[in-house]
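**Student:** 3D, please:
(one chain, ligands or ions: 1)
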Amino acid sequence: MKIANYQGVIERYRRFLPVSKDTPVVTLLEGNTPLIFSPKISEILGEKFRVFLKYEGLNPTASFKDRGMTVAVSLAKEEKQSAVICASTGNTSASAAAYAARAGLKCIVLIPQGAIALGKLAQALMHKAEVIAIKGNFDDALRLVRDISSHYPVRLVNSLNPHRIEGQKTAAFEIIDTLGDAPTFHSLPVGNAGNITAYWKGYKEYYSYKKASHLPVMLGFQAKGSSPIVEGRPFKKPKTIATAIRIGNPASWQKALEAKEESKGTIDAVTDREIVYAYKLLASQEGVFVEPASSASVAGLFKLKKEGYFKPFEKKLKRIIITCTLTGHGLKDPQLAVKKVKPPKVVEPLLEAVINKANI
Ligand code: F0G
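**Tutor:** Here you go, the predicted model:
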């Protein structure tokens, strides 16, 4: 039998992670996701641009959360916890449920009722988590799980748990390992702000180990109806089609601002219309199907280009490398996808009818 070499992010980046030889590694072989060159988006941005898509939808539960969850659940197991808990807009719950199932731990997830994508709900239920839908939003759910985990014997596995950030920083390591250096810019969507915190930590650490010659400029994007960091105030009733980032009071708000300030980057907002435009473009012109929240990172690049943000860099640099995190797979939210495109054409089962409709 051929044994695969790749053993997940803990084995690959063990020396950068808070694990020991006694840690029982709970892995589904997450990470090692492709960095796909995007000819279309590069062309739209301009001659000097090379845009690469870090397709995190290809993780075991189809989002970037698995990188953090392997570390958080392995350490929960090592510390003899019997249960994990999280609040979630969907992906964290899917990932926590899968890794807990694998580890033999109980998993409790709180989700905002009626506000998570169908695929994510199916995952949490199939992996046998205790799924509790609350009549409130993500921020209410997070407040509750913080409270519960500080009073009951359950381990919090939201990104407030530093082990999650440790695991997620490995995406930045992979990018540098693949490109041979850090990109000029790194773009990603921002919700609870754990991931921008993790990438910035990863880039800084690898830079300190001289694995990169410079640090990237970080570009974070919130959805306009849920843009507390951009506006500088919590949103009581966050709104956006991108349910994954429908968050009004991000837990890692301050850390996101640090990433922005230290990297001399920006955190900006994109409208739902801009998100859907990028969502459809990625699927129809690059063959990459992501969930709406993920496409905020691409929508943001288009917005900055239009505003002339890149002009000073274009003057100064010969080449501009942008990496863009596509956080989750498009199949997570099939209901939204079919709403946003034309339905299939229906015909009688006759050759002529098919030829006609297919425009051959
Ligand atoms: N993209 C997707 C697909 C997400 O699921 C999330 C967060 C983000 C982006 C934003 O990442 O929170 O680290 O800034 N989803 C969390 C969840 C909140 O519960 O699944 P962030």
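
**Student:** Any idea how many residues pack against the closest residue to Val347 other than its chain neighbours?
**Tutor:** Leaving out its chain neighbours, the residue that sits closest to Val347 by C-beta to C-beta, 6 or more residues apart in numbering is Ala353, at 4.0 Å. Backbone N, C-alpha and C define where each C-beta goes, glycine included. Ala353 has 13 neighbouring residues, counting by other C-beta atoms under 10 Å.

**Student:** do you know how far Ala353 is from the ligand?
**Tutor:** Going from Ala353 to the ligand by C-beta to the nearest ligand atom, to the nearest Å gives 40 Å.

**Student:** Look up how far Lys345 lies from that residue.
**Tutor:** Between Ala353 and Lys345 the computed distance is 10 Å (C-beta to C-beta, to the nearest Å).

**Student:** What of Glu174?
**Tutor:** Taken as C-beta to C-beta, the span from Glu174 to Lys345 is 41 Å.

**Student:** now Gly330
**Tutor:** 22 Å.

**Student:** Of those two, which one has the most company?
**Tutor:** Between Gly330 and Lys345, Gly330 has the larger neighbour count (other C-beta under 10 Å), namely 22 against 11.

**Student:** Surely the more buried one and Val338 touch.
**Tutor:** No - using C-beta atoms under 8 Å, Gly330 is not in contact with Val338, being 11.1 Å away.

**Student:** Get me the contact residues on this structure for the ligand.
**Tutor:** 63, 88-92, 159, 189-195, 244-245, 291, 293-294, 327-328 (C-beta under 6 Å from any ligand atom).

**Student:** Narrow those to those in strands?
**Tutor:** Using DSSP state E, the subset of these located in strands is Pro189.

**Student:** What is the three-state secondary structure of Lys21?
**Tutor:** coil (DSSP: H, G, I helix; E, B strand; the rest coil).

**Student:** Neighbours of it, how many?
**Tutor:** Quick note: Lys21 (other C-beta under 10 Å) scores 5 neighbours.

**Student:** State the distance from it to the ligand.
**Tutor:** From Lys21 to the ligand the distance is 30 Å (C-beta to the nearest ligand atom).

**Student:** likewise Leu331?
**Tutor:** On the measure of C-beta to the nearest ligand atom, Leu331 and the ligand end up 12 Å apart.

**Student:** what residues are up against that residue?
**Tutor:** For Leu331, the contacting residues are Ala62, Gly119, Phe289, by C-beta atoms under 8 Å, 6 or more residues apart in numbering.

**Student:** Cross these against helices and list the overlap.
**Tutor:** The helices, defined by DSSP state H, take in Gly119 from these.
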